[in-house]
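Peer 1: here is a sequence with its predicted model. Questions after.
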Amino acid sequence: MNVRENCKKPFGITPASMTLWGPDEEYNAKAEEKYLTWLIDNGATSISICGSTGENKAMNMDEQKKIIEHISGFLGGQVPLIIGTGFYNTINTIRMSKFADEHGADGVMVILPYYFSPHKKAVLRHYRDLRKEVSCRIMIYNNPWFAGYELEVPEVQELVEDGTIQDIKAAHGDPNRVHELKFHMGDKINVMYGHDYCAAEGLLAGADGWLSGFPAILPKQCRAIWDAAQAKDVDATFAAQNNIQPYIDYFFHDKKNGVPHWLEICHYTLIAQGIDGGLPRRPLGDLADEDKKKIEKLLADMD
């Protein structure tokens with residue numbers, strides 16, 4: 001199936017938006033609307049929902065459909081909307097992707113089939129079978145950390161050349177992934193840098209945008225990195241990156257036995273900025289007071 005002409009290409013600062021829950025762990029629609037408005041007001045140029053930072057694996061299919069329908073209706077096409085719809089199996093990936101396609105998605109973001117680690121021939125077929133069923137853009141979520149493997153450049157190029165996929169989230173973190181994809185495919189593929197710690201390098205390497213968790217909690221600071229990279233001002237790009245480096249250091253390195261979890265940090269980072277971020281769904285939970293104070297200071301120290 002061909003891609004509809006009215007599907008907008010994601011670009012720029014694209015938050016992997018969080019799903020906000022109430023005290024009862026049910027979807028908090030009112031808080032979500034205020035949060036999405038805050039993201040756009042602070043520099044988001046596209047929006048992604050129901051991805052990893054959106055806790056898609058903590059919701060069932062009915063809940064996910066409810067969230068998709070609500071957010072798509074609320075945004076009303078203001079910005080490109082990318083919706084995470086990937087499951088291990090192709091049939092449920094198709095079902096969720098068709099629902100997203102029918103409810104305003106400009107594109108679906110589909111993680112590589114995970115858990116059973118299928119062979120690459122089956123993985124390529126997974127995306128080709130999906131292309132037959134949806135008319136929106138398809139983005140490969142190339143995340144070896146969650147899937148256990150990744151598609152190499154020739155495999156991605158095969159899917160680009162036959163019209164199966166239009167976008168990729170390069171989530172490894174290595175900016176060279178961006179460089180290779182753009183070198184071999186240029187504008188034939190829309191590359192979103194998909195990690196949090198080397199955004200400056202990924203954007204300067206030619207990424208068409210930044211789709212990850214940090215844009216979902218620090219949109220203004222992330223937009224500064226994007227704007228400087230777009231202006232090809234290398235010094236300003238790294239200055240903007242250095243502005244958030246202490247937060248990066250805390251987020252990735254200041255932990256004992258994996259505590260606190262990155263989702264717990266993300267939720268409290270919103271709360272510390274006045275957003276009703278709530279808590280992640282259990283088994284995760286709240287931060288210790290020590291970590292809350294660290295986040296508050298890191299945010300206060302940012303430009």
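Peer 2: That came through, no problem. Numbers count the residues shown, from 1 in each chain.
Peer 1: and for the lengthiest helix in the chain, what's in contact with it?
Peer 2: Determined from DSSP state H, the single longest helix within the chain is helix 234-253. Contact with helix 234-253 is made by 196-197, 199-200, 203-204, 214, 218, 221-222, 224-225, 227-229, 262, 265, 294-295, 298-299, 301-303, as judged by CB atoms under 8 Å, 6 or more residues apart in numbering. Any C-beta I mention is one placed from the backbone N, CA and C, and that applies to glycine too.
Peer 1: residues contacting residue 182?
Peer 2: 189, 191, 205, 206, 207.
Peer 1: just give the nearest non-adjacent residue to residue 27, would you?
Peer 2: Excluding the flanking residues, the one nearest residue 27 by CB to CB, 6 or more residues apart in numbering is residue 67, at 5.9 Å.
Peer 1: all helices for this protein, in order.
Peer 2: Going by DSSP H, the chain shows helices at 29-41, 61-75, 90-102, 120-131, 144-147, 153-161, 175-185, 199-204, 214-217, 219-230, 234-253, 262-271, 289-301.
Peer 1: winner for burial among those?
Peer 2: Ranked by mean neighbour count, the helices of the chain are led by helix 214-217 with a mean of 28 (mean count of other CB atoms under 10 Å).
Peer 1: may I have that one as PDB, with CA atoms only?
Peer 2: Taking C-alpha atoms only, helix 214-217 is exported to PDB below (Å, rounded to 0.1, in the frame of the first residue of the first chain):
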ATOM      1  CA  PHE A 214      15.000  13.800  26.900                       C
ATOM      2  CA  PRO A 215      12.900  15.900  24.400                       C
ATOM      3  CA  ALA A 216       9.800  14.600  26.400                       C
ATOM      4  CA  ILE A 217      11.100  16.100  29.700                       C
END
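Peer 1: circling back to that earlier point, redo the helices of the chain as a markdown table? Include mean pLDDT and distance to residue 2.
Peer 2: Shown next, in a markdown table, are the helices of the chain (pLDDT from 0 to 100; distance: least, CB to CB, whole Å):
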| stretch | mean pLDDT | distance to residue 2 |
| --- | --- | --- |
| helix 29-41 | 98 | 30 |
| helix 61-75 | 98 | 22 |
| helix 90-102 | 98 | 13 |
| helix 120-131 | 98 | 9 |
| helix 144-147 | 94 | 28 |
| helix 153-161 | 98 | 15 |
| helix 175-185 | 98 | 19 |
| helix 199-204 | 98 | 30 |
| helix 214-217 | 98 | 30 |
| helix 219-230 | 98 | 30 |
| helix 234-253 | 97 | 37 |
| helix 262-271 | 98 | 37 |
| helix 289-301 | 98 | 45 |
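Peer 1: save those helices as TSV, and put in distance to residue 169 too.
Peer 2: Below are the helices of the chain laid out as TSV (distance: least, CB to CB, whole Å):
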stretch	distance to residue 169
helix 29-41	18
helix 61-75	18
helix 90-102	15
helix 120-131	14
helix 144-147	11
helix 153-161	11
helix 175-185	10
helix 199-204	11
helix 214-217	12
helix 219-230	15
helix 234-253	19
helix 262-271	17
helix 289-301	26
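Peer 1: to residue 282, which of the ones you listed lies closest?
Peer 2: helix 262-271 (11.3 Å; CB to CB).
Peer 1: quick one: list the elements packing against the closest one.
Peer 2: Under the contact definition 3 or more CB pairs under 8 Å, 6 or more residues apart in numbering; DSSP states H and E, helix 262-271 sits against helix 214-217, helix 234-253, helix 289-301.
Peer 1: now those helices in TSV, with distance to residue 33?
Peer 2: What follows is the helices and strands packed on helix 262-271, written out as TSV (distance: least, CB to CB, whole Å):
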stretch	distance to residue 33
helix 214-217	15
helix 234-253	26
helix 289-301	23
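Peer 1: among the ones you listed, which is nearest residue 156?
Peer 2: Distance to residue 156, taken as CB to CB, is lowest for helix 214-217 among the helices and strands packed on helix 262-271, at 22.8 Å.
Peer 1: ok, residue 124 - contacts?
Peer 2: By CB under 8 Å, 6+ apart, the residues touching residue 124 are 155, 158, 159.
Peer 1: who's in contact with the residue nearest to the last one when sequence neighbours are not counted?
Peer 2: By that I understand residue 159. Nearest non-adjacent residue to residue 159, counting by CB to CB, 6+ apart: residue 165, 4.6 Å away. Going by CB under 8 Å, 6+ apart, residue 165 touches 127, 131, 138, 139, 140, 156, 159, 189.
Peer 1: quick check: the last one touching residue 168?
Peer 2: Yes - in this structure residue 189 lies within contact range of residue 168 using CB atoms under 8 Å: 6.1 Å.
Peer 1: between those two, which contacts overlap?
Peer 2: 156, 181.
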